[in-house]
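*Asks:* The sequence isn't on hand, but the structure is:
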Ligand code: SF4
Ligand code: SF4
């Protein structure tokens, strides 16, 4: 989840931050370097194609500024999983795991991300945005989760399988339509 490259037109192309870092903590991200292109004009390149005077963020739609994630307690009981189900009843929320750690992920973009994918408050952006770098960031979209839940039904099924309570969270079947 920063691109501290956002507003400057003369930024070094070397950054560093880790993929896992962004997932392990609260991570709003940073706008990005020299984003003069619109999203439709962006040309996807590989990191290896980046020239020494270029910033990777220039070729990105500021993916790291479009969500945040928070570590949550590992669920241990059916009641804990029902709590997670409540999270997932909300729009744009998901839950994922990395190893033995659990996280809530909210897919919502920063209010200060501009239409050109640059940070609108570059000079006063939070420290977490300043610390985030392009090293191992989500630019390539090749990240996979150990577990990923998008709906209340998914977390309920997982809980049911684990605690052998097959009917606990089942949604009742809708009634049949009445035909005249
Ligand atoms: S303040 Fe918002 S737009 Fe700026 S770098 Fe941070 S997350 Fe991105
Ligand atoms: S995901 Fe990576 S390349 Fe894209 S804006 Fe964030 S730090 Fe830059």
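*Replies:* That came through, no problem. Nothing here was measured: the structure is a model prediction, and the numbers come from that model. Ligands and ions are numbered 1, 2, ... in the order given.

*Asks:* With ligand 1 in mind, check whether stretch 94-111 reaches it.
*Replies:* Yes - using C-beta under 6 Å from any ligand atom, stretch 94-111 reaches ligand 1 at residue 110. Using the backbone N, CA and C atoms, a C-beta is placed for each residue, glycine as well.

*Asks:* Would you mark the buried spots in stretch 93-113?
*Replies:* Neighbour-count burial for stretch 93-113, counted by 16 or more other C-beta atoms under 10 Å, picks out 93, 94, 95, 96, 97, 102, 103, 104, 105, 110, 112, 113.

*Asks:* Tell me the one among those nearest to ligand 2.
*Replies:* residue 113 (9.7 Å; C-beta to the nearest ligand atom).

*Asks:* Does the closest one touch residue 65 like I think?
*Replies:* Yes - assessed by C-beta atoms under 8 Å, residue 113 is found in contact with residue 65 at 4.5 Å.

*Asks:* Just the element for residue 155, please.
*Replies:* In this assignment (DSSP states H and E), residue 155 forms part of helix 152-163.

*Asks:* and that helix, what other elements does it pack with?
*Replies:* helix 78-88, strand 147-149 (3 or more C-beta pairs under 8 Å, 6 or more residues apart in numbering; DSSP states H and E).

*Asks:* want to throw the ones you listed into JSON lines with mean neighbour count, distance to residue 59 and mean pLDDT?
*Replies:* Formatted as JSON lines, the helices and strands packed on helix 152-163 follow (neighbours: other C-beta atoms under 10 Å; distance: least, C-beta to C-beta, whole Å; pLDDT from 0 to 100):
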{"stretch": "helix 78-88", "mean neighbour count": "17", "distance to residue 59": "33", "mean pLDDT": "96"}
{"stretch": "strand 147-149", "mean neighbour count": "16", "distance to residue 59": "26", "mean pLDDT": "97"}
